[in-house]
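Student: Have a look at this prediction, sequence included:
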Amino acid sequence: MNFPYIQIQFALLCFWATTATADPLIINLPNGKLRGRDNGGFYSYESIPYAEPPLGELRFEAPQPYNRQWNEIFNATEAPVLCMQWNQFIEEDDKLAGSEDCLVVSIYRPKNPRRKTFPVVVNLHGGAFMFGGAAPYGHMELMASGNVIVVKINYRVGPMGFLSTLDADLPGNMGLKDQRLALQWIKQNIAQFGGNPDNILVTGHSAGGASVHLHILKGDFHELAKVAVSVSGNALNPWVFQGGAARRSFELGRIVGCGLLSSSKQLKNCLQSKEAAQIVRALSQMFVLEYTPFSLFGPVVEPADSKNAFITQHPIEIIKSGRFSQVPWLTSYTKEDGGYTAATLLAKQCNGIEIIDELNRRWNDLAPHFLFYRDSFKTINEMDIYSQNLRQHYMGNRNFSVENYLDVQRIFTDELFKNDTQLAIDMHRKYGKSPVYSFVYDNPADTGVGQWLAKRNDTFLGTLHGDDYFLIFGNRIRQPRLDEDVISRNLIKMLENFAQTGILIYDKCVFQDNVGQKQFQLMSIQRDKCMQLQLDEFP
């Protein structure tokens, strides 16, 4: 008898039987087994740690990989908590939320019997590097489509994620290093959840979009992802890399009682001894008006001698060098992106007068904070001249007012988003080889971020920050209209196709690569149509 043949057949039958009866909620990882949740149309595996909790001496340090072994089945059914933050979208005066123990990924897999493996869409959340998290970005729309696995990453934000004194003792960028470790974890483990590690798309909105761009500037990002998408945010936006990081860090230390220190090591030791809530609450004393400037702590260029540095050159210098990952990249803006900041000017103060009226009296004082050029000039006189020229260019002799709101917001859209989206595309098409695509979205939401920030619905705000992205990853503030269901499906299909094939199509409109083109190739996506535009300047 042919015993080896029978043994092989028996082994195969056992494997098939095991596979057929395997519980899809149980996943085997190097740490042990975890159990997810059956949500009807999809499975979820939430709050899976990818790093050690950044507590005690690990606070303000690069993340350490999570290597603990689970003796029992890990419960992956709890929604992720926010990382410790001062959240702009909490209405109460006390905007504190979250926990320091927050470095987790959450994975969502549709039930689609037609697929054995899925492309993977990884989301880096927005929030100006100051707030936000995995949980506020919904996944139901993508699960309903049923064609991709979604992974959402939590990373440290605000001072807990980006405090820096620009030296080796406190180099900063902990949040970006969190993201990178999470991306490495996903690459190594996503196959266990049915994901294809060779078909990973990394996307993000606002600070998440800028983060995606920063990862592209790492020379080995192509080993972690196939394609990338930055929506309303890239590394060249002025709110991403600012001056004054060390000054703000020492100021924070003074506010929490560390005294007037000059040593980074002393500052770090003092802040490690404080309660995280005390550190984050101190942010409330650092804004000059409402939640302005909206990003107090963000990415920095780290010193070359810092350990585990994420970035040691300014993004412009890296792009010019050509030493960045050549992966297809899509970046975008919305027609009135700057409404994220400008809409707050429409809110009324306690005396019933809109905040926008303050600009007429305090433009030179407030504009550098609103538009992130406070640390860009050597003298106050130079900064004032720049502020006045900016006002004259956009407003002429008109006052800042509710009636002129759309012209006011144009300053914010151009200076904070549009201009540097054009610059980033221009530089990548000159110094890169991989495809670079772009789109502008123009379809105003009836209820979205702008209306929430303005606290009113009687002024036309245009197409604001997130009006497009929140049709892919749902958000409680952005309420879609019934007719936007088609747009949502088209945007989701666009991402799915990009992850699978590397080709970008919205509805029937095929994106054109900017590399090698004299004119910008910009896709215009509107409520009921899309058009590929060839332009010398972005509109």
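Tutor: Ah, there it is. Residues are numbered from 1 along each chain as shown.

Student: how about the helices in the stretch 351-500 of the chain?
Tutor: In the stretch 351-500 of the chain, the helices defined using DSSP state H, counting those that start in this stretch lie at 358-370, 380-395, 405-413, 419-431, 449-454, 485-501.

Student: out of those, nearest to V122?
Tutor: Taking Cβ to Cβ, helix 485-501 is the member of the helices of the stretch 351-500 of the chain nearest to V122, at 9.7 Å. From N, CA and C alone the C-beta is placed, and that goes for glycine too.

Student: Tell me the first helix or strand C-terminal of the closest one.
Tutor: strand 505-506 (DSSP states H and E).

Student: which residues are contacting that following strand?
Tutor: Under the contact criterion Cβ atoms under 8 Å, 6 or more residues apart in numbering, strand 505-506 has outside partners F439, N490, L491, K493, M494, N497, F511, M523, I525, C530.

Student: repeat that with 7 Å
Tutor: If you take Cβ atoms under 7 Å, 6 or more residues apart in numbering as the criterion, strand 505-506 is touched by N490, M494, N497, M523, I525, C530.

Student: That strand pairs with which strands, and in what direction?
Tutor: Take DSSP bridges as the rule and strand 505-506 pairs in its sheet with strand 509-510 (antiparallel).

Student: Report the distance from the strand it pairs with to the chain centre.
Tutor: Relative to its parent chain, strand 509-510 has a centroid offset of 26 Å by Cα atoms, centre = their mean, to the nearest Å.

Student: Restricting to C-alpha, output the next helix or strand after that strand in PDB.
Tutor: Beyond strand 509-510 in the direction of the C-terminus, DSSP H and E gives the next helix or strand as strand 520-526. Taking C-alpha atoms only, strand 520-526 is exported to PDB below (Å, rounded to 0.1, in the frame of the first residue of the first chain):
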ATOM      1  CA  PHE A 520      -1.200  70.900 -13.900                       C
ATOM      2  CA  GLN A 521      -3.600  67.900 -14.300                       C
ATOM      3  CA  LEU A 522      -6.400  68.600 -11.900                       C
ATOM      4  CA  MET A 523      -9.500  66.500 -11.600                       C
ATOM      5  CA  SER A 524     -12.600  68.700 -10.600                       C
ATOM      6  CA  ILE A 525     -15.200  66.700  -8.700                       C
ATOM      7  CA  GLN A 526     -18.500  68.400  -8.400                       C
END
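
Student: tell me which residues of strand 520-526 are tucked away?
Tutor: For strand 520-526, burial by neighbour count (16 or more other Cβ atoms under 10 Å) applies to F520, Q521, L522, M523, S524, I525.

Student: what sits up against the helix or strand following it?
Tutor: Next in sequence after strand 520-526, counting helices and strands by DSSP H and E, comes strand 530-535. Strand 530-535 is contacted from outside by Y506, D507, C509, Q512, Q519, F520, Q521, L522, M523, S524, using Cβ under 7 Å, 6+ apart.

Student: So of those residues, which two are at opposite extremes in space?
Tutor: Longest span within the contacts of strand 530-535, Cβ to Cβ: D507 and Q519, 22.5 Å.

Student: So between these two, which is more surrounded?
Tutor: D507 (15 against 12; other Cβ atoms under 10 Å).

Student: Please name the residues that touch F221.
Tutor: Counting by Cβ under 7 Å, 6+ apart, F221 has contacts H215, S325, V327.

Student: quick one on the thing from earlier: may I see the contacts of strand 505-506 organised as CSV, with pLDDT and distance to E52 added?
Tutor: Formatted as CSV, the contacts of strand 505-506 follow (pLDDT from 0 to 100; distance: Cβ to Cβ, whole Å):
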residue, pLDDT, distance to E52
N490, 97, 41
M494, 98, 37
N497, 96, 37
M523, 98, 42
I525, 98, 42
C530, 97, 46
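
Student: any idea which of the residues you listed is the one closest to H428?
Tutor: M523 (16.1 Å).

Student: remind me which residues of the protein are low pLDDT?
Tutor: 1-21, 350 (pLDDT under 70).

Student: switch the cut-off to 90
Tutor: 1-22, 260-262, 289-290, 305, 307, 348-354, 447, 457-458, 476-477, 479-483 (pLDDT under 90).

Student: So which residue is smack in the middle of it?
Tutor: For the chain, the residue nearest the mean C-alpha position is G208 (1.1 Å; Cα atoms, centre = their mean).

Student: For the residue nearest to that residue when sequence neighbours are not counted, give its distance to R527.
Tutor: Distances taken as Cβ to Cβ, 6 or more residues apart in numbering put L124 closest to G208, at 3.8 Å, once the chain neighbours are dropped. Separation of L124 from R527 (Cβ to Cβ, to the nearest Å): 27 Å.

Student: likewise D407?
Tutor: Applying Cβ to Cβ to D407 and R527 gives a distance of 23 Å.

Student: before we move on, back to that, could you give the angle of the helix or strand where the residue nearest to the centre of the chain lies to helix 419-431?
Tutor: Per DSSP H and E: G208 is located in helix 207-216. Angle between the axes of helix 207-216 and helix 419-431 is 20 degrees (criterion: axes from the mean of the first three to the mean of the last three Cα atoms, to 10 degrees).

Student: could you point out which element follows helix 207-216?
Tutor: Trace forward from helix 207-216 with DSSP H and E and the next one is strand 227-231.

Student: on that earlier part again, looking at the buried residues of strand 520-526, which one is closest to R35?
Tutor: Closest to R35, out of all of those and judged by Cβ to Cβ, is I525, at 40.4 Å.

Student: Show me what that closest one bridges to in the sheet.
Tutor: Beta-bridge partners, per DSSP bridges, of I525: Y441, C530.
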